[in-house]
Structure formats: structure tokens, C-alpha cells
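Asker: curious how this folds, go ahead:
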Amino acid sequence: MTRAGVALALLLGLHLVAFDVPARAFYEPDGFRGIRWGTSLAEAQQTLKALHTKRILVGEEPVCDAAQGAADSVVCVASTDLDAVRVTLYFEFYEDRFVAVTVVSTPASYAALKRGFIARYGEPTRADKRTKMGPFSEYTSEELLWEGSTVQIKLSQFVGGPTFTVAVIALRSEIARQEAEQNKSAGPTPAPSK
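Answerer: This next block holds a predicted model:
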């Protein structure tokens, strides 16, 4: 290869490295189980009742109550079968708008839910495994993240201590609001002593 060819190859290589490689895209849902993000609580309650009547939601009829310690928040609880797994759903509303849903299930259902989430939303944009030492063995927990411009999905299997599977599908704006609220309630960080 000539000097000019090597210089051109290096220049092209540097040019390619200089561009940000975007994260893998995933299908960002516009809501969950027919309830679109931003839907009012009253409208969502009607939808939940209709879903229960159609047996899409199973078990007891969905119940909505004010969230503990949060004046502007309401949580509606329902159950459904998701990817052949019975799950409990916590539809979360802030200032009368649907902002998140939490899906809770048993640890044994994690593999089925993981397959279903990947089929529904695409490959996760990030994955993390954590190992915790127990008295007799190691426990490995896994967390998969799908991060989009408006929605974040987190599917986690927690093992050791309380063991369960949980998924949170939320508007990124709601995640930011909750983090800001937690930081505010934590109070100011004390200055280091000299």
C-alpha cells in the first residue's frame, strides 16, 4: 500500500471513530394493555373494567387507590397472563395521567418474560448481571434495559434475599421526576469537614 493509501485509510478510520454510534433501537410502546401514556385515570378505569370483562385481565376486578405518601399519585392493581405467565400489574398515575406500569411475577417466570419482552420490544439496549455472595452459594441477578427517547423498560430478576421478577415500563419524564423527588427528599449533602 502506498503512503497516500495508508494516509487515506487512517483518515477514514479516524472519521468513522469520530461519529457517535447510536444505541440499538427498540420498539417504544405507546402505553400498556390498551392504555396509552397520558390517559386520564377515569378513562383508564373504564378501559381496565372492559379488559376485565373481556377476561384479558384476570382474577379480581382492578382496584385503584391513592399511592402511599403521594398526594398526586394513584395506583391501579390488576392481574393478567403475559407470555403465559400470571403477573400482577401496577398501573401508575401522576396528576391524573398514566405514566408507568410495574409488572411483578415469580422468579421462575423470568426466562419466559425475557423471551416475550425481546419478541415484543426487540433486543435490549443494555444488559447487566450482578453476583451476590450468599452463605452457601452465589446468586446472580440480571437486569435488561430498553432505553428509548420517551420510554424506558427495565426487566429484572432479583435473586437472594427476596427473590422475584419485576419489570417497569415508564415514561422517561416520570423516571426523571421520581429521581428529582428522591434527591429533594434526601436533603442537601453535608459539606465535607476540614
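
Asker: just the strands in this protein please.
Answerer: For the chain, the strands defined by DSSP state E occupy 31-32, 35-36, 57-66, 73-82, 85-94, 97-105, 126-133, 138-147, 151-158, 164-171.

Asker: by mean pLDDT, show me the worst of those.
Answerer: Mean pLDDT per stretch puts strand 126-133 lowest among the strands of the chain, at a mean of 83.

Asker: which secondary structure elements does that strand contact?
Answerer: For strand 126-133, the elements it packs on are strand 138-147, judged by 3 or more CB pairs under 8 Å, 6 or more residues apart in numbering; DSSP states H and E. Yep, even glycine has a C-beta here, placed from its N, CA and C like the rest.

Asker: hmm, back to that, any chance of the strands of the chain in a markdown table, plus distance to residue 49?
Answerer: Formatted as a markdown table, the strands of the chain follow (distance: least, CB to CB, whole Å):
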| stretch | distance to residue 49 |
| --- | --- |
| strand 31-32 | 16 |
| strand 35-36 | 12 |
| strand 57-66 | 7 |
| strand 73-82 | 10 |
| strand 85-94 | 12 |
| strand 97-105 | 15 |
| strand 126-133 | 37 |
| strand 138-147 | 29 |
| strand 151-158 | 25 |
| strand 164-171 | 21 |
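
Asker: as JSON lines, the ones you listed with mean neighbour count and distance to residue 119 would be great.
Answerer: Shown next, in JSON lines, are the strands of the chain (neighbours: other CB atoms under 10 Å; distance: least, CB to CB, whole Å):
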{"stretch": "strand 31-32", "mean neighbour count": "18", "distance to residue 119": "16"}
{"stretch": "strand 35-36", "mean neighbour count": "17", "distance to residue 119": "21"}
{"stretch": "strand 57-66", "mean neighbour count": "13", "distance to residue 119": "21"}
{"stretch": "strand 73-82", "mean neighbour count": "18", "distance to residue 119": "12"}
{"stretch": "strand 85-94", "mean neighbour count": "19", "distance to residue 119": "13"}
{"stretch": "strand 97-105", "mean neighbour count": "20", "distance to residue 119": "15"}
{"stretch": "strand 126-133", "mean neighbour count": "11", "distance to residue 119": "16"}
{"stretch": "strand 138-147", "mean neighbour count": "17", "distance to residue 119": "12"}
{"stretch": "strand 151-158", "mean neighbour count": "21", "distance to residue 119": "13"}
{"stretch": "strand 164-171", "mean neighbour count": "20", "distance to residue 119": "14"}
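
Asker: so which of the ones you listed is nearest residue 116?
Answerer: Nearest to residue 116, of all the strands of the chain, is strand 73-82, at 6.6 Å by CB to CB.

Asker: the closest one packs against which elements?
Answerer: helix 41-53, strand 57-66, strand 85-94.

Asker: redo the ones you listed as TSV? Include distance to residue 78.
Answerer: Output for the helices and strands packed on strand 73-82, formatted as TSV (distance: least, CB to CB, whole Å):
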stretch	distance to residue 78
helix 41-53	6
strand 57-66	4
strand 85-94	5
